[in-house]
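1. 3D, please:
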Amino acid sequence: MQGDLLRHRALLYSGCFGAKCDGARPIRRYAPKLQRAVFRAEFVKDFHKGLKIGQQQLGRSAAFGVDFLAIEHQWGKADFEYSIHAFPSQFGLSGLQTTDLLALLGFQLRNCAFRNGRPCYSVEVIPGLDLSRFPNAFDAAYGALSEAERHLNSCGFQLPQPEGWGYFTGRTGRRDASRGVLGDGHSAAHIEERNRSEDEAFRFIFGWTVVGPREKGWVTHYRAKNQPVSAEVMQVLEFLGLRSFNQCQFFDFEECWWSSFKYVEDDHRPFNRSIEHATGAFQGLAANFSPGVAKLLEAHAQMEPYGLNLLPISDVGTRTTEDLHKHIDRTRGADRRAQAGGLPDRFDVAISFAGTERQHAEALAKALREAGYDVFYDDFYPAQPVGQEPVRVLSRNLQQTLPLLRHLCFKGIR
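-> Below is the predicted model:
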């Protein structure tokens, strides 16, 4: 409907509507309401307007010099939207800037009506959040992101830099994070393994690949030691530009992730620059890749409670369910369904959780039960009488639950 309103804005203001508006039937009775909707559709998303505005100074990012302002936009008696406005005041001489983190989180750069037209970054946030600690969380996120960049640069990765120094200098500072692609990384005229390494979480294989006379270079293959890969880690790998391949010949035709460096002729230097870059990047993987991934996830976790995502990761409940479905054996459990109103002979899983985590606990419990597991979750047995026998049964059952899921603390997962 919003698109229709905008397309017919001129007709609304003239008191007419429709393709055949030749003075026959004006719609002045509906025009005021539609005009208000058009006004809101045009202006609300720049987060600098509203029928009534409330401001709250959130404070300053102490370590990295960003001032934050919270704005309440009121459009009716019970119609509110909320936004955060950021005003960076310092920059570094190299690497990702605070402006880059703001852009990656979804902040948009505009001239700000709340600071005399000074440029600011703004983003919508969900209502009901306690924003008082947002500046501290931003500091922590930017610190973790800077550490991630340091580690991943040592592996040949350049994190996307959408803003750079443009906010401070007036010139674009964007950086291209692409490294070039060699076909599908696996099918080629000639493929030769050159090196192997690993860290505590991943195995890495470095190979020389010739796709054609002018298309050749190095492909690095990555495979996590613990399979299947979690939803969070998978999104980090995609964020870094890695591609998946289902049947990698270097890992016994199991799935891998891969990246490549193209070979570039360089006759003006004693040593070829692309060779130095590719080999140096591979040598840095064992000491830096997993720490870099961990720091990216740490930066994301700092902003996630505010509804802002550094990485394209789904919410906690969704990704927990996705990970469980990867591990669940759906063929088991059917022969031990509980009789109506009674406890099963034993449980596969018992879920313990804080009261504030009930929503996530319930999603997890339902996913496990649908997959064929007997799950102890309090709301599944609301009619159980209190007494010694149910307690003894439950105690005995809990001793036989799967060790991995006997006690699941959602705050620990975060």
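
2. what ranges do the strands span in the stretch 51-200 of the chain?
-> Remark: strands assigned in the stretch 51-200 of the chain by DSSP state E, counting those that start in this stretch are 52-61, 66-76, 79-88, 108-111, 119-125, 190-198.

3. who's in contact with the longest one?
-> Strand 66-76 has contacts (C-beta atoms under 8 Å, 6 or more residues apart in numbering) with 40, 44, 47, 49-61, 80-89, 98, 102, 114, 120, 122, 131, 134-135, 138. From N, CA and C alone the C-beta is placed, and that goes for glycine too.

4. With mean neighbour count as new columns, can the strands of the stretch 51-200 of the chain be given to me in TSV?
-> Shown next, in TSV, are these (neighbours: other C-beta atoms under 10 Å):
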stretch	mean neighbour count
strand 52-61	14
strand 66-76	18
strand 79-88	20
strand 108-111	14
strand 119-125	20
strand 190-198	13
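
5. closest one to G166 among these?
-> strand 108-111 (8.5 Å; C-beta to C-beta).

6. Any regions of the stretch 251-400 of the chain where pLDDT drops low?
-> 266-271, 316-346, 382-400 (pLDDT under 70).

7. Mind doing that once more with 50?
-> 330-331, 333-341, 385-386, 388 (pLDDT under 50).

8. For it, which segments are assigned as strands?
-> 254-262, 349-350, 375-376.

9. For the ones you listed, give me a markdown table that also has mean neighbour count and distance to D315.
-> A markdown table is the format used below for the strands of the stretch 251-400 of the chain (neighbours: other C-beta atoms under 10 Å; distance: least, C-beta to C-beta, whole Å):
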| stretch | mean neighbour count | distance to D315 |
| --- | --- | --- |
| strand 254-262 | 20 | 24 |
| strand 349-350 | 20 | 22 |
| strand 375-376 | 22 | 21 |
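
10. Turn those into TSV, including distance to E298.
-> Output for the strands of the stretch 251-400 of the chain, formatted as TSV (distance: least, C-beta to C-beta, whole Å):
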stretch	distance to E298
strand 254-262	21
strand 349-350	29
strand 375-376	31
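
11. quick one: what helix or strand has I205 in it?
-> Here I205, judged by DSSP states H and E, is contained in strand 202-212.

12. Need the residues that contact that strand.
-> With C-beta under 8 Å, 6+ apart, strand 202-212 has contacts from 182-183, 185, 188-198, 216-225, 250-251, 260, 279, 282, 285-286, 289-290.

13. In PDB, list the C-alpha atoms belonging to that strand.
-> Extracted C-alpha coordinates of strand 202-212, given in PDB (Å, rounded to 0.1, in the frame of the first residue of the first chain):
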ATOM      1  CA  PHE A 202      40.400 -25.900  11.200                       C
ATOM      2  CA  ARG A 203      42.500 -27.800   8.800                       C
ATOM      3  CA  PHE A 204      44.000 -25.900   5.800                       C
ATOM      4  CA  ILE A 205      45.300 -27.100   2.500                       C
ATOM      5  CA  PHE A 206      47.200 -24.800   0.000                       C
ATOM      6  CA  GLY A 207      47.100 -25.800  -3.700                       C
ATOM      7  CA  TRP A 208      48.300 -24.500  -7.000                       C
ATOM      8  CA  THR A 209      45.500 -24.400  -9.600                       C
ATOM      9  CA  VAL A 210      45.600 -23.900 -13.400                       C
ATOM     10  CA  VAL A 211      42.200 -23.300 -14.900                       C
ATOM     11  CA  GLY A 212      43.500 -22.000 -18.300                       C
END
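
14. Give me the sheet partners of that strand and which way each runs.
-> strand 190-198 (antiparallel), strand 215-224 (antiparallel) (DSSP bridges).

15. how about the nearest residue to Y263, chain neighbours excluded?
-> Excluding the flanking residues, the one nearest Y263 by C-beta to C-beta, 6 or more residues apart in numbering is G217, at 4.4 Å.

16. Now do the contacts for the one you found.
-> For G217, counting by C-beta under 8 Å, 6+ apart, the contacting residues are 180, 182, 208-209, 260-263, 274, 278.

17. go on, Y167?
-> If a contact means C-beta under 8 Å, 6+ apart, then Y167 has 88, 91, 97, 99, 109, 119 as its contacts.

18. what helix or strand is the nearest residue to V293 once chain neighbours are set aside on?
-> The shortest distance from V293 to any non-neighbouring residue, by C-beta to C-beta, 6+ apart, is to V236 (5.2 Å). Remark: V236 resides in helix 231-239, with elements defined by DSSP H and E.

19. Using PDB, write out the CA atom coordinates for stretch 57-75.
-> This file holds the C-alpha atoms of stretch 57-75, laid out as PDB (Å, rounded to 0.1, in the frame of the first residue of the first chain):
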ATOM      1  CA  GLN A  57      21.800  11.900  25.400                       C
ATOM      2  CA  LEU A  58      23.300   8.400  25.700                       C
ATOM      3  CA  GLY A  59      26.800   9.500  26.300                       C
ATOM      4  CA  ARG A  60      30.200   9.100  24.600                       C
ATOM      5  CA  SER A  61      32.200   6.100  23.400                       C
ATOM      6  CA  ALA A  62      35.000   6.700  25.800                       C
ATOM      7  CA  ALA A  63      37.800   4.900  24.000                       C
ATOM      8  CA  PHE A  64      37.000   5.700  20.400                       C
ATOM      9  CA  GLY A  65      35.200   9.100  20.400                       C
ATOM     10  CA  VAL A  66      31.700   8.700  19.200                       C
ATOM     11  CA  ASP A  67      28.800  10.600  20.700                       C
ATOM     12  CA  PHE A  68      25.400   8.900  20.800                       C
ATOM     13  CA  LEU A  69      21.900  10.400  20.900                       C
ATOM     14  CA  ALA A  70      18.600   8.400  21.300                       C
ATOM     15  CA  ILE A  71      15.500   9.800  19.600                       C
ATOM     16  CA  GLU A  72      11.900   8.900  20.100                       C
ATOM     17  CA  HIS A  73       9.700   9.700  17.100                       C
ATOM     18  CA  GLN A  74       5.900   9.900  17.900                       C
ATOM     19  CA  TRP A  75       3.400   9.600  15.100                       C
END
